[in-house]
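Student: got a predicted structure here, sequence first:
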Amino acid sequence: MAGRVAVFAPSPVLTVTVEDHGSGADVHVHAGGQGLWQARMLQTLCAEVVVVAALVGETGAVVGHLCDDEGVPLLSVRREGRGAAYVHDRRDGERDELVETPGDALSRHDLDELYGLALRAGLESDVTVLSGPSGDDTLPVDVYRRLAADLRAVDRVVVADLAGERLEAVLEGGVDVLKVSDQELLADELITESTPEQIVEAMRDLRLRGASSVVVTCSDLPTFVLDGPGARVFEVSVPSMQVVDTRGAGDSLTAGVAAVLAAGGGLEEAVVTGTAAGALNVTRHGLGSGDPDAIAALRAVVSVRDL
């Protein structure tokens, strides 16, 4: 799979997770956060990736080194301060949050530099993925409106995986593909219950407000898709996998969508690939991780049904 994808990940997270491996505690340290989980899966799917991020303080410096070790290309703003990080304990099988900090808000100077890097990366890429920050106060929501509008003005494809005020912002700027979960629709009061009828109605409303296509993932239902100008609506299903960790599944789906679109594929193929990537991700401890051959095999059992 070819194509270049820029991932806007304004505040990546240093993740520290403690696991139990029989002989004692096993500590895992990774570069994480929504955008980096998406970038990891994009690379699994053989897309060329560049991540645009602000690396803040000691934790940001460590994230930068970890990305270098993984071979994840970064365009970054580097500054002093408190970076985003968490420490989770999974030794009892559940995720216990011991420490979690979103880090400092970015200054106006940092935002200007970060915005310039994001525009550069977007102009040099086939698709740009807009992912969320680690905290609500990291950067103004209007950055997402501006970035979506500017990239679409130069005919670049924009995929957004956002909710709340940031979702509203990208709708105002315009977005080619909006990915959101049913739980986020409920939280934003765009639906009152997670039923196919309400989800389809919400997708049509989101299209009228600025999203050319909409993808809604659900925990207990198939994924629902409204595809482009013809407003075709269909659902995408995959057999349930035994779950190790649900975190990162939606980000893997977004990565699959972006990878296929960057390679010139259509939205149905993109969502099928993303669904397979997300289904595999829940079977693993590593967020945004997977095996490309396993994803290809899972694609064969993904079903599509028009509504």
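Tutor: Great, that's in hand.
Student: ok, Val63 - contacts?
Tutor: Neighbouring residues of Val63 by CB atoms under 8 Å, 6 or more residues apart in numbering: 12-14, 31, 36, 53, 55, 83. To be clear about C-beta, it is placed using only N, CA and C from the backbone, and glycine gets the same treatment.
Student: run the last query once more with 6 Å
Tutor: Contacts for Val63 (CB atoms under 6 Å, 6 or more residues apart in numbering) come out as 12, 14, 31, 55.
Student: which residues of this protein fall in strands?
Tutor: Under the criterion DSSP state E, strands of the chain are mapped to 4-8, 13-20, 25-32, 48-56, 74-79, 84-89, 96-101, 127-131, 157-161, 175-181, 211-217, 223-227, 232-237, 303-306.
Student: most packed of those strands?
Tutor: Burial of the strands of the chain is given as mean neighbour count (mean count of other CB atoms under 10 Å); strand 127-131 ranks first at a mean of 29.
Student: which outside residues touch that strand?
Tutor: Here strand 127-131 has contacts from 5-9, 34-35, 38, 122, 144, 151, 157-161, 258, 261-262, using CB under 6 Å, 6+ apart.
Student: just name the shakiest helix or strand of the protein by mean pLDDT.
Tutor: helix 292-299 (a mean of 87; mean pLDDT, DSSP states H and E).
Student: could the strands of the chain be laid out in CSV, adding distance to Gly116?
Tutor: Formatted as CSV, the strands of the chain follow (distance: least, CB to CB, whole Å):
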stretch, distance to Gly116
strand 4-8, 12
strand 13-20, 23
strand 25-32, 23
strand 48-56, 10
strand 74-79, 9
strand 84-89, 22
strand 96-101, 27
strand 127-131, 14
strand 157-161, 17
strand 175-181, 21
strand 211-217, 26
strand 223-227, 33
strand 232-237, 37
strand 303-306, 40
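Student: okay, those in CSV with distance to Glu269 and mean pLDDT next?
Tutor: Formatted as CSV, the strands of the chain follow (distance: least, CB to CB, whole Å; pLDDT from 0 to 100):
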stretch, distance to Glu269, mean pLDDT
strand 4-8, 16, 98
strand 13-20, 31, 92
strand 25-32, 28, 92
strand 48-56, 19, 97
strand 74-79, 29, 96
strand 84-89, 34, 95
strand 96-101, 37, 93
strand 127-131, 14, 98
strand 157-161, 14, 98
strand 175-181, 13, 97
strand 211-217, 13, 97
strand 223-227, 11, 96
strand 232-237, 11, 95
strand 303-306, 10, 95
